[in-house]
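**Q** Predicted structure and sequence below. I'll ask about it afterward.
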Amino acid sequence: MNIHPTAIVDPSAKIPASCSIGPYCSVGAGVEMGENCQLVSHVVLEGPATLGSNNKIYPFAVIGMDPQDVSFGGELTRLEMGDHNVIREYVTITRGTAKGGGVTSVGSHVLIMAYAHIGHDCFIGDHVMLVNAATLAGHVTIEEWAVVGALCPVHQYVRVGAHAYVGGGTTLTQDVLPYSMTSAERDTHAYMLNKVGLQRRGFSRERIARLHHAFKILLASRLNTSQALEKLRSESELGEDVESLLQFIETSQRGIIK
């Protein structure tokens, strides 16, 4: 096992021999790491926390610390992380709270850039990208393949839908539509389908055309949201992508950004 002499590792931590713990890292009790993880240097990793394999954490990241919640009283809560994640400098990720389910969850193949923050009880799906200083309050859900731009504050309980792209500096207080491009260039609104992102992920022309049609009715018609949903529901052969979009809207608790 490659553990630098200046690193402090709790005897109860479970670390495979394939892992690398760099200078001045601190690994606390209750940490369990998968194969081939690397803590570059000056990383603080506290538990209970479970990390999958092939995760790389850069200097001065603080992972798995107590939640920033005034009601937290030392309850046993967790951080769970998947495989092949990259966590850059000064990132902070806190564990869950008992009232919020007890778990903060980060998926696999996630890129978290410098100074980003993931608060307690958040759920981060696979292939998500959080750009520099994206800041997630507690209980936020970011679905798979979504991108949250630089300097974006995200309110508690907000959901960012799958394959959505949020422009830098956008304050999110309501749910972001799946497959959308959302920005605060003038005021925060969804202004188009994330067509380029979907093409890069292998969506067929037919799938994109169906989503484009749904977005045209939702965003560019004179129908309100309820009327737009009713119209789309009346059409045949919505397709799986449009169905997931409609379900996202129908289950929204905070309202959606249009």
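**A** On my side now, so go ahead. Small disclaimer: the values here were computed from a predicted structure and weren't measured.

**Q** buried stuff in the helix or strand of the chain with the lowest mean pLDDT?
**A** Sorting the helices and strands of the chain by mean pLDDT, DSSP states H and E puts strand 189-193 at the bottom, at a mean of 83. Applying a neighbour-count criterion of 16 or more other C-beta atoms under 10 Å, one finds 190-193 buried in strand 189-193. Backbone N, C-alpha and C define where each C-beta goes, glycine included.

**Q** any chance of those in JSON lines, plus distance to Glu230?
**A** Shown next, in JSON lines, are the buried residues of strand 189-193 (distance: C-beta to C-beta, whole Å):
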{"residue": "Ala190", "distance to Glu230": "19"}
{"residue": "Tyr191", "distance to Glu230": "23"}
{"residue": "Met192", "distance to Glu230": "23"}
{"residue": "Leu193", "distance to Glu230": "21"}
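
**Q** quick one on the thing from earlier: give me the packing partners of the least confident helix or strand of the chain, helices and strands only.
**A** Here strand 189-193 touches strand 180-183, helix 205-215, going by 3 or more C-beta pairs under 8 Å, 6 or more residues apart in numbering; DSSP states H and E.

**Q** quick one: which of the buried residues of strand 189-193 is nearest to Val70?
**A** Ala190 (33.7 Å; C-beta to C-beta).

**Q** do you know how far the closest one is from Pro178?
**A** The gap separating Ala190 from Pro178 is 10 Å, by C-beta to C-beta, to the nearest Å.

**Q** With Val148 instead?
**A** 14 Å.

**Q** ok, back up a step: just say which of the helices and strands packed on strand 189-193 is most tucked in.
**A** strand 180-183 (a mean of 24; mean count of other C-beta atoms under 10 Å).

**Q** so how far is it off the chain centroid?
**A** 16 Å (C-alpha atoms, centre = their mean, to the nearest Å).

**Q** From the rest of the structure, what touches that strand?
**A** Applying C-beta atoms under 8 Å, 6 or more residues apart in numbering, the external contacts of strand 180-183 come out as 161, 164-167, 170, 172, 176, 188-194, 215, 257.

**Q** residues touching the residue positioned nearest the centre of the chain, list them.
**A** Nearest to the geometric centre of the chain sits Ile124, at 3.2 Å (C-alpha atoms, centre = their mean). Counting by C-beta under 8 Å, 6+ apart, Ile124 makes contact with 105-107, 110, 118, 130, 142.

**Q** which one is it nearest to, not counting chain neighbours?
**A** Val106 (4.6 Å; C-beta to C-beta, 6 or more residues apart in numbering).

**Q** Below-threshold pLDDT in the stretch 1-150 of the chain: ranges please.
**A** Residues of the stretch 1-150 of the chain meeting the criterion pLDDT under 70: 1.

**Q** can you pull out the helices in it?
**A** Here the stretch 1-150 of the chain has no helices by DSSP state H, counting those that start in this stretch.

**Q** can you count the residues close to Thr6?
**A** By other C-beta atoms under 10 Å, the residues close to Thr6 number 12.

**Q** circling back: isn't the residue nearest to Ile124 right next to Asp126, touching?
**A** No. With contact defined as C-beta atoms under 8 Å, Val106 does not reach Asp126; the gap is 9.5 Å.

**Q** and these two? which has more neighbours close in?
**A** When Val106 and Asp126 are compared on other C-beta under 10 Å, the one with more neighbours turns out to be Val106, at 26 against 17.

**Q** Any idea what the more buried one is bridged to?
**A** Met81, Ile124 (DSSP bridges).

**Q** measure it to Cys122 for me?
**A** From Val106 over to Cys122 (counting by C-beta to C-beta), the distance is 8 Å.
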